[in-house]
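> I'll drop the sequence and a predicted model, then ask my questions.
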Amino acid sequence: MKMPTKNTIITSLLIVVIFFIFIFSHESRGGYDKVFVLDNSNFNDDILSNEEEKKMTLENVQKVPFNGNCDSCDFFDKDNIIYSKRNGQGSFLDVNNERLNYYGINILNLKTNREEKLIPVENKSQRFIIPSPDKKRIFYSEGEEILEKDAKYKEEENKSYIYNVKSKEKINIPYKTFIKWMPDSSGYIGIKDSLFLQDFNKGISKEILDYKQLKKIENIQEISIAKDCQNIFIQGFKSDEDFSSYIYNVNLDKPYEANLVLKGNIKRIEAIDNNNLIFSGKYWGEKGLYNYNLETKEIKKLLDGDIVLFKLSNDKKSIAYVVKDKDGNNILYAAKLYKNSISESVMLYKNLFIKYYTLNWSEDNKRLIAAFYEEKEEKDNKIYIFHFR
């Protein structure tokens, strides 16, 4: 019998190795083909970081077993996520004579896929859940359903609460006053007749701006707080100006002093640190994501394009953002922030419709949860968790 030659054996081994590489690469996709795509087209060449340790690396993608309409979602702890969806106790007829459930707050265990209601309530909707950065407290609102047919809306019947995860107790806070958690979860910034800090650690409420100063700002659109928990940035707009936002800075050590730092066609702001502010919008006639340095007054473009929304991680070192491409499609990306620049991005999902409160980072800054529709007409959201290294 003729023995196989050395070349024949080597060729056969190579064919086997290539076959297994193909099989394993195909299996690892797991039916999910919208990740691990790098795209530099949205970036300025001079700000791209090519060092490996500063790149965003996607480890795996987890699809959450979810059916329903998700109003807001976030991480609850290591093994659980929290969201509000229409499965609350009781139902009602809406303006189109369709029967809908009220929104309820739910917790889903990612290991067992078991869902349970956090604080069941009859014939009211629980919405707008905003966990603190350390996920130990949860803000939410509870009240009437605005879609209910022939409902006589009474704002005084609506309530806002802060729920303590450990004690499972909730405290009632004045309705429509909560704005933003402090970065260290020690309290929150709120607004009523004045802008104030509610400090849980000290058990006090501290006025930041009084009524007259708020009148000058007119309409507050957004508030962002630097990591030092001292510098607050306020985004306001004037009722008679359609496209301009005014950004003010207030230091908690010097309350009642709101200093104007920037004006422009600005959509959203986020403070990185005491001296740097990220904002999306239109500047110099160009849409994009920009960094503003308070000391040097320098404005630097980080991303080109129409930025629909963006979210910074708790440590301010990572960013998730949605950009609208030339064809009008929304694309979700993630990237690292390094020295006020953005690394090469990882494309996470194409063609999605997502809201600000359905995109959030975990406490350890390594996971990103996103709930969205692929089509506007869809009734059920998809929820994915993106795990990063």
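That came in fine, so what should we check first?

> low-confidence ranges in this protein?
Where the chain drops to pLDDT under 70, the residues are 1-53.

> residue ranges for the helices of it, please.
Listed in chain order, the helices found in the chain under DSSP state H are 6-29, 211-217.

> how far away is the residue nearest to residue 154 when sequence neighbours are not counted from residue 159?
Nearest non-adjacent residue to residue 154, counting by C-beta to C-beta, 6 or more residues apart in numbering: residue 144, 7.1 Å away. In this view, the C-beta of every residue, glycine as well, is placed from N, C-alpha and C. Going from residue 144 to residue 159 by C-beta to C-beta, to the nearest Å gives 11 Å.

> wait, residue 166 sits on residue 134?
No - taking contacts as C-beta atoms under 8 Å, residue 166 lies outside contact range of residue 134: 11.0 Å.

> neighbour-wise, which of the two wins?
More crowded of residue 166 and residue 134, by other C-beta atoms under 10 Å: residue 134, with 14 against 7.

> helices and strands around the longest strand seen in the chain, which ones?
Across the chain, the longest stretch assigned as strand under DSSP state E is strand 259-271. With contacts taken as 3 or more C-beta pairs under 8 Å, 6 or more residues apart in numbering; DSSP states H and E, strand 259-271 sits against strand 219-225, strand 231-237, strand 245-251, strand 276-283, strand 306-312.

> tilt between the longest one and strand 306-312?
The one in question is strand 276-283. 170 degrees (axes from the mean of the first three to the mean of the last three C-alpha atoms, to 10 degrees).

> now strand 276-283: how far from the chain's centre is it?
Here the centre of strand 276-283 is set off from its chain's centre by 17 Å, with C-alpha atoms, centre = their mean, to the nearest Å.

> Can you list the buried residues in it?
Buried residues in strand 276-283, counting neighbours by 16 or more other C-beta atoms under 10 Å, are found at 276-281, 283.

> One more: the second one?
Of all the residues in strand 231-237, those buried under the rule 16+ other C-beta under 10 Å are 231-237.

> And the first one, by the same measure?
Buried residues in strand 219-225, counted by 16+ other C-beta under 10 Å: 220, 222-225.

> Give me the sheet partners of it and which way each runs.
Within its sheet, strand 219-225 is paired with strand 231-237 (antiparallel), according to DSSP bridges.

> Run through who's touching the strand it pairs with.
189, 195, 208, 217-226, 244-252, 258, 261, 266, 268-269, 271, 274, 277 (C-beta atoms under 8 Å, 6 or more residues apart in numbering).

> In PyMOL, select just the buried ones from those residues.
Only the buried entries of the contacts of strand 231-237 go into this PyMOL selection, using 16+ other C-beta under 10 Å:
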select buried, resi 189+195+208+217+220+222+223+224+225+226+245+246+247+248+249+250+252+258+266+268+269+271+277
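
> circling back: run the chain-centre distance for the longest strand of the chain.
Distance, centroid of strand 259-271 to centroid of chain: 19 Å (C-alpha atoms, centre = their mean).

> tell me the angle of that strand relative to strand 306-312?
80 degrees.

> Parallel or antiparallel, which strands does strand 259-271 pair with?
strand 245-251 (antiparallel), strand 276-283 (antiparallel).

> Let's have these in JSON lines, adding distance to residue 326.
What follows is the strands paired with strand 259-271, written out as JSON lines (distance: least, C-beta to C-beta, whole Å):
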{"stretch": "strand 245-251", "distance to residue 326": "26"}
{"stretch": "strand 276-283", "distance to residue 326": "17"}
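
> I'd like to know which of these is closest to residue 120.
Nearest to residue 120, of all the strands paired with strand 259-271, is strand 276-283, at 38.2 Å by C-beta to C-beta.

> picking that back up, farthest-apart pair in the buried residues of strand 276-283, please.
276 and 281 (16.3 Å).

> what's stretch 145-156 in contact with?
Applying C-beta under 8 Å, 6+ apart, the contact partners of stretch 145-156 are 92-95, 97, 100, 102-103, 124-125, 144, 175.

> Out of those, name the ones that lie in strands.
Among these, the ones falling in strands (DSSP E) are 92-93, 100, 125.

> Going by distance to residue 62, which of these wins?
Nearest to residue 62 among those, with distances taken as C-beta to C-beta, is residue 125, at 28.1 Å.

> what sits against the nearest residue to that closest one once chain neighbours are set aside?
Spatial nearest neighbour of residue 125, chain neighbours left out: residue 103 (4.0 Å); criterion: C-beta to C-beta, 6+ apart. Residue 103 makes contact with 71, 84-86, 88, 125-127, 145 under the criterion C-beta under 8 Å, 6+ apart.
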